[in-house]
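K.L.:
Test case, fold it:
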Amino acid sequence: MKTELHLLRTGTVSVAPGYLFRDRAANVAEALGRGVKKSERIVIPIGAFLIEHPSEGPVLVDTGIHPVVATDPKRNLGRVLAVVARGLRVNADETVPAQLRQAGIEPADVRTVVMTHLHLDHSSAMSEFPEARFVTTRAEWRAARSRLGALSGYVRSHLPPESAVDFVEFAAGEPWQGLERTIDLFADGSVRLISTPGHTVGHFSVLVETTKGPVFLLGDAVYTLRNLHEDRLPWRTASDQDSLASMRQLRAYAEGQPDVPLIPTHDPEVWMPSAASGDAGSVQ
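P.N.:
Sure thing, here's the model as predicted:
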């Protein structure tokens, strides 16, 4: 069953090179940008994805940034993380709800939101989809709700009630084209979830079968394709060992399926060429 896939660029954030590539920073302060010239910082996109599914309707992968962040970041991110994310830039018309409405889709029409993970730049707008079921893993849910979750980039207030969450368990997953643990989300081959932990404990990526062929949404399993191809870790992971294992798996898949586009959520070279138009494009 084929779908249409649309890339939704929902703001940008300016980061130090060491945040993306560990070998470019001598310490955590430098990785977070202290002492790094503005001209040396890298502007990366904050992405989400719309899948137009023939039977499930509009399906989102991640939610991007909440509209209120355009005017008052503290209201959504909290005082501390609003300071940490001070390089974030988003206009109200860039948010996922605004882009959906421009396409004639009301946020309340979205019944499924697939969360690659629950870091704030992916979870910020979860509250804007009141009728949705949110797909995540129990490990990720526990991490996001933990007492010290904010230190790892989670904002607990972003999360919906647990009654709105559908948990997937990769222990029951199946191998697929060399990928070790996968789940056919709708049991029709259109959206397949792939366990890629490391960036967070419950991170997964999403393989979408579109009318033009498969497209692999990597989430934050790698920030950029350069991380993947050069086997370079970012400054922070939940587990270096798991990150490297996930990267090996993704590289092996890419070598075996060289025509499948790989789209990390934050790779400026993938997203930014058409940024001037305000639309990162679509795959149909």
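
K.L.:
Would you mind naming the residues that bridge with the residue most central in space within the chain?
P.N.:
Note on the chain: the residue nearest the mean C-alpha position is residue 219, at 4.0 Å, using C-alpha atoms, centre = their mean. According to DSSP bridges, the partner residues bridging residue 219 are residue 264.

K.L.:
Tell me how far the residue lying farthest from the centre of the chain lies from residue 234.
P.N.:
Note on the chain: the largest C-alpha distance from the chain mean falls to residue 35, namely 28.0 Å (C-alpha atoms, centre = their mean). Residue 35 sits 19 Å away from residue 234 when distances are taken as C-beta to C-beta, to the nearest Å. Bear in mind the C-beta positions are built from the backbone N, C-alpha and C, glycine included.

K.L.:
Flag the shaky bits of the stretch 151-284 of the chain, pLDDT-wise.
P.N.:
Counting by pLDDT under 70, the stretch 151-284 of the chain has low-confidence residues at 273-284.

K.L.:
90 instead?
P.N.:
172, 272-284 (pLDDT under 90).

K.L.:
Which residue ranges of it form strands?
P.N.:
Secondary structure of the stretch 151-284 of the chain (DSSP state E, counting those that start in this stretch): strands at 165-167, 174-176, 179-184, 191-195, 204-210, 213-219, 262-264, 282-283.

K.L.:
Minimum distance to residue 20: which of those strands has it?
P.N.:
strand 262-264 (10.4 Å; C-beta to C-beta).

K.L.:
Just list the residues touching the residue nearest to residue 199 when sequence neighbours are not counted, thanks.
P.N.:
Distances taken as C-beta to C-beta, 6 or more residues apart in numbering put residue 220 closest to residue 199, at 4.4 Å, once the chain neighbours are dropped. Contacts for residue 220 (C-beta atoms under 8 Å, 6 or more residues apart in numbering) come out as 116-117, 119, 122, 199-200, 203, 264-266.

K.L.:
With respect to residue 7, which of these is nearest?
P.N.:
Nearest to residue 7 among the contacts of residue 220, with distances taken as C-beta to C-beta, is residue 265, at 9.8 Å.

K.L.:
re earlier: so can I have CSV of the strands of the stretch 151-284 of the chain showing distance to residue 140?
P.N.:
Rendered in CSV, the data for the strands of the stretch 151-284 of the chain read as follows (distance: least, C-beta to C-beta, whole Å):
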stretch, distance to residue 140
strand 165-167, 9
strand 174-176, 20
strand 179-184, 14
strand 191-195, 11
strand 204-210, 8
strand 213-219, 11
strand 262-264, 18
strand 282-283, 26
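
K.L.:
between those strands, which one is nearest to residue 27?
P.N.:
So among these, strand 262-264 is nearest, using C-beta to C-beta, at 25.2 Å.

K.L.:
which other residues reach that closest one?
P.N.:
Taking C-beta under 8 Å, 6+ apart as the rule, strand 262-264 contacts 7, 47, 215-225, 227-228, 250, 254, 270.

K.L.:
wait, isn't residue 232 in contact with residue 25?
P.N.:
No: using C-beta atoms under 8 Å, residue 232 makes no contact with residue 25, being 11.9 Å away.

K.L.:
Looking at those two, which one has more neighbours?
P.N.:
Taking other C-beta atoms under 10 Å, residue 232 and residue 25 do not tie; residue 25 has more neighbours (21 against 17).

K.L.:
For residue 205, see how far away the more buried one is.
P.N.:
26 Å.

K.L.:
if I pick the residue nearest to the centre of the chain, what's in contact with it?
P.N.:
Here residue 219 is in contact with 62, 116-117, 122, 196, 199, 203-206, 264-265 (C-beta under 8 Å, 6+ apart).

K.L.:
Name the nearest of those residues relative to residue 246.
P.N.:
Ranked by distance to residue 246 (C-beta to C-beta), those are led by residue 196 at 4.1 Å.

K.L.:
and the closest one, what does it touch?
P.N.:
Residue 196 sits in contact with 203-205, 218-219, 221, 246, 249-250, where contact means C-beta under 8 Å, 6+ apart.

K.L.:
where does residue 9 fall, helix, sheet strand or coil?
P.N.:
Of the three states, residue 9 takes strand under DSSP: H, G, I helix; E, B strand; the rest coil.
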